[in-house]
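Asker: could you work out the structure for the sequence below:
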Amino acid sequence: MAHQGRSPVTYGFSTAAVVTKDTFVQLDSSECTDVLTAVEPAGAGAVIFGIASTTSVAGGSASVHTIEGSVVLLTVDGNAGAISVGSKLKADGSAQGVATTTDDEEVGAIALAASTTAGEKIPVMLTRYTLSGAGDD
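Answerer: Numbers count the residues shown, from 1 in each chain. Predicted coordinates:
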């Protein structure tokens, strides 16, 4: 089944740490300058910048999906809590997507497939917002 959404567009960014394909990334503020934007694996609860479309070594560069509405693959941990179609996903400590319904969590994607398996890659729609009980549910 094909998922429709914006065509994925990637942009290249520097990496000070190893970034793994199909995982969440965040801005690496310690490495960003007025002429350089760097990303790193997203930590648990991080503000999501995008989803890596390539794997990179430390000191290398990674291509990253950053356009909201893009449909791309994301590595998830459905074993940490079942992921359903439509689940809001945040980063865990390994930059993988995990389901969340908790207020004030940073959402980075919406699941377009279900998962109950750790390390599974599923299609998601890239989005970025802070979950709020006032109306984002």
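Asker: point to the residue nearest the middle of the protein.
Answerer: The residue lying closest to the centre of the chain (C-alpha atoms, centre = their mean) is F24, at 3.1 Å.
Asker: what pLDDT does that one get?
Answerer: Per-residue confidence (pLDDT) for F24: 97.
Asker: and what of L36?
Answerer: Predicted confidence (pLDDT) for L36: 74.
Asker: and the one 4 residues further on, by the same measure?
Answerer: E40 carries a pLDDT value of 93.
Asker: again with V64
Answerer: Value for V64, per-residue pLDDT: 93.
Asker: and the one 3 residues further on, by the same measure?
Answerer: Predicted confidence (pLDDT) at I67: the value is 91.
Asker: quick one, strands of this structure?
Answerer: Secondary structure of the chain (DSSP state E): strands located at 10-15, 24-27, 38-41, 50-52, 61-65, 71-77, 88-91, 97-99, 106-111, 118-130.
Asker: ranking those strands by burial, who's on top?
Answerer: Of all those, strand 50-52 carries the top mean neighbour count, a mean of 27, counting by mean count of other C-beta atoms under 10 Å. Every residue, glycine included, has its C-beta placed from N, CA and C.
Asker: direction included, what does that strand pair against?
Answerer: strand 24-27 (antiparallel), strand 61-65 (antiparallel) (DSSP bridges).
Asker: between these, which gets nearest to S84?
Answerer: strand 24-27 (19.0 Å; C-beta to C-beta).
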